[in-house]
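# What shape does this take:
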Amino acid sequence: MSDSLRDRIKAGLTEATKAQDKRRMSTLRLIQAALKDRDIAGRTEGRDAGVGEAEILEVLAKMVKQRRESVETYESAGRVELAQQEREEIGIIESFMPKQLSDAETEAAVAAVISETGAAGIKDMGRVMGELKKRHAGQMDFGKAGAIVKAKLA
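Sure, this is the predicted structure:
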């Protein structure tokens with residue numbers, strides 16, 4: 001895929017603007033603002049090139065997680081229309097992310113990394129999680145993966 005994720009997001013915003021798709025426009029603008037914040041933070045750390053693909057995927061995953069939490073909050077408060085709005089935003093954000101690994105695929109990835117790194121106990125959990133994040137950025141729920149790693153290493 002020659003287009004960078006950042007270029008795809010920018011192109012998506014242009015299309016949404018032409019189509020006057022207000023929900024998509026606002027969501028993509030939020031993504032761009034979050035990326036700009038991350039770029040600025042990176043500059044203060046001496047990284048002038050802007051954030052890379054892996055970091056963009058981290059930002060998107062974080063945005064999805066925030067919206068999932070909002071959906072639960074809105075539903076428990078009986079605000080169905082706001083929950084639906086958050087769900088639509090999740091769909092838009094996820095359209096720029098790689099396909100999420102299933103539970104079985106996550107377990108297989110965890111098992112592979114544990115055997116490749118020779119992880120033997122809970123003290124190796126950080127190393128295993130670091131390798132999973134390198135290989136599967138944006139494809140895996142690392143909260144779930146962490147629980148699987150902990151169970152396998154305990």
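# what sits against the residue positioned nearest the centre of the chain?
Among the residues of the chain, the one closest to the centroid is Ala61, at 1.7 Å (CA atoms, centre = their mean). With contact taken as CB atoms under 8 Å, 6 or more residues apart in numbering, Ala61 is in contact with Met97, Gly138. To be clear about C-beta, it is placed using only N, CA and C from the backbone, and glycine gets the same treatment.
# Distance check, it against Arg68.
Separation of Ala61 from Arg68 (CB to CB, to the nearest Å): 11 Å.
# Please apply the same query to Lys18.
30 Å.
# Can you list the low-confidence ranges for this protein?
1-2 (pLDDT under 70).
# Name the SS class of the residue sitting furthest away from the middle of it, please.
Most distant residue from the mean C-alpha position of the chain: Ala120, 28.5 Å away (CA atoms, centre = their mean). Counting by DSSP: H, G, I helix; E, B strand; the rest coil, the backbone at Ala120 sits in coil.
# nearest spatial neighbour of it, skipping sequence neighbours?
Leu153 (7.5 Å; CB to CB, 6 or more residues apart in numbering).
# got the contact list for stretch 103-113?
Contacts for stretch 103-113 (CB under 8 Å, 6+ apart): 101, 119, 128, 131-132, 135-136, 140-141, 144-145, 148-149, 152.
# Lys18 and Arg68: which has the busier surroundings?
Higher neighbour count among Lys18 and Arg68: Arg68, with 13 against 9, using other CB atoms under 10 Å.
# Return the residues in contact with Ile56.
So Ile56 contacts Leu5, Arg6, Leu35 (CB under 8 Å, 6+ apart).
# Let me know the next secondary structure element after the helix or strand where it lies.
If you go by DSSP states H and E, Ile56 is part of helix 53-76. Of the helices and strands lying after helix 53-76 in sequence (DSSP H and E), the nearest is helix 80-94.
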